[in-house]
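A.B. asks: what's the 3D shape of this:
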Amino acid sequence: MNRIFLAPALLIASVSVAAAAALPPQDAPIVTAPLTQAPTMAPGPKLVEPHLRIARSGVKGHARVALTFDACMGKADDRILSVLVRERIPATIFVTARWLKHNPQALQVFLQNPDLFELENHGQNHIPAVDTPVSIYGIASAGSPEAVRQEVQGGADAMVAAGIASPHWFRGSTAKYDLSAIAEIREMGYRIAGYSVNGDGGSLLGAAVTEKRIAAAKDGDVVISHINQPTHAAGEGVAKAVLDLKAKGVEFVRLQDVDDTGDDQTTQ
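C.D. replies: You can find the predicted model right below:
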């Protein structure tokens with residue numbers, strides 16, 4: 001019978017020792033946690049991703065489409081650029097100061113074909129034009145009105161220094177904005193370029209999906225794709241889709257050539 005009571009006694013002693021070890025020393029101050037609710041995170045800014053459409057041709061079977069390309073960082077994608085030049089297809093190219101610095105040869109191609117290419121502002125360092133701190137697709141926003149202005153103005157200054165005419169359009173990194181930043185950019189004299197067809201998913205889609213998306217563009221659409229990722233499969237799809245659209249008899253225009261309508265007060 002002694003054995004029956006021995007095990008529980010040992011267990012109680014072990015628990016008591018462990019509990020004592022977990023207690024603070026007798027001279028330690030006693031801290032009582034306040035009985036408050038868990039802290040709530042402050043809501044982030046309302047972000048918008050504006051749409052943009054151009055005036056339709058109004059002619060059945062004769063669609064009008066604006067091809068726009070972002071040159072964020074990296075190198076020029078000659079698969080796309082060579083098709084645009086060879087087929088004489090106009091497009092609007094949004095360049096960053098960072099891209100201009102590393103692609104002088106591609107810049108010369110743009111400048112030597114003023115009838116094809118409209119060059120516009122994609123910012124200085126490819127920072128989202130949002131004036132409060134937030135992360136978008138893992139990219140930190142400008143974070144303040146002053147930083148938004150620097151991103152926009154720095155991009156424009158780099159363009160003029162490279163021999164490009166002063167830009168009239170701006171498209172920020174990620175194409176997302178908060179409404180106060182939109183108002184600030186508009187006050188700087190810019191129209192903000194949204195889009196209606198996301199052609200290549202940030203240059204992350206496969207070639208076949210990219211080709212299908214862009215080739216399905218309709219009358220009045222503004223297509224956004226990238227011309228700065230020559231190693232991505234998406235670029236192959238972009239080049240093929242441009243040829244598909246041309247074969248359908250699509251009229252290609254630059255943003256400067258037609259009337260347009262953008263939401264979130266980005267153009268009106």
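A.B. asks: And residue 116, how close does it get to residue 88?
C.D. replies: Per CB to CB, to the nearest Å, residue 116 is found 7 Å from residue 88. Backbone N, C-alpha and C define where each C-beta goes, glycine included.
A.B. asks: Compare the two (neighbour count), which wins?
C.D. replies: Shown here are residue 116 and residue 88; by other CB atoms under 10 Å, residue 116 has more neighbours (18 against 11).
A.B. asks: how about the closest residue to that one other than its chain neighbours, what does it touch?
C.D. replies: Leaving out its chain neighbours, the residue that sits closest to residue 116 by CB to CB, 6 or more residues apart in numbering is residue 90, at 4.9 Å. Residue 90 sits next to 67, 84, 115-118, 252-254, 257 when contact means CB atoms under 8 Å, 6 or more residues apart in numbering.
A.B. asks: For residue 90, report the pLDDT, please.
C.D. replies: pLDDT recorded at residue 90 is 98.
A.B. asks: backbone phi and psi for it, please?
C.D. replies: Torsion angles at residue 90 (phi, psi; degrees, to the nearest 10) stand at phi -70, psi 150.
A.B. asks: Which parts of the stretch 101-250 of the chain are helices?
C.D. replies: For the stretch 101-250 of the chain, helices defined by DSSP state H, counting those that start in this stretch occupy the ranges 104-111, 145-161, 179-187, 207-215, 234-247.
A.B. asks: rewinding a little: shared neighbours, residue 116 and residue 88?
C.D. replies: With CB under 8 Å, 6+ apart, residue 116 and residue 88 have no common neighbours.
A.B. asks: all strands of this structure, in order?
C.D. replies: For the chain, applying DSSP state E gives strands covering 47-48, 52-54, 64-71, 91-95, 117-121, 135-136, 139-140, 169-170, 177-178, 191-192, 197-198, 222-226, 251-253, 260-262.
A.B. asks: Quick check: which of those strands is nearest to residue 156?
C.D. replies: Checking those against residue 156 by CB to CB gives strand 117-121 as the closest, at 5.3 Å.
A.B. asks: which helices and strands sit right next to the closest one?
C.D. replies: Applying 3 or more CB pairs under 8 Å, 6 or more residues apart in numbering; DSSP states H and E, we find strand 117-121 packed against strand 91-95, helix 145-161, strand 169-170.
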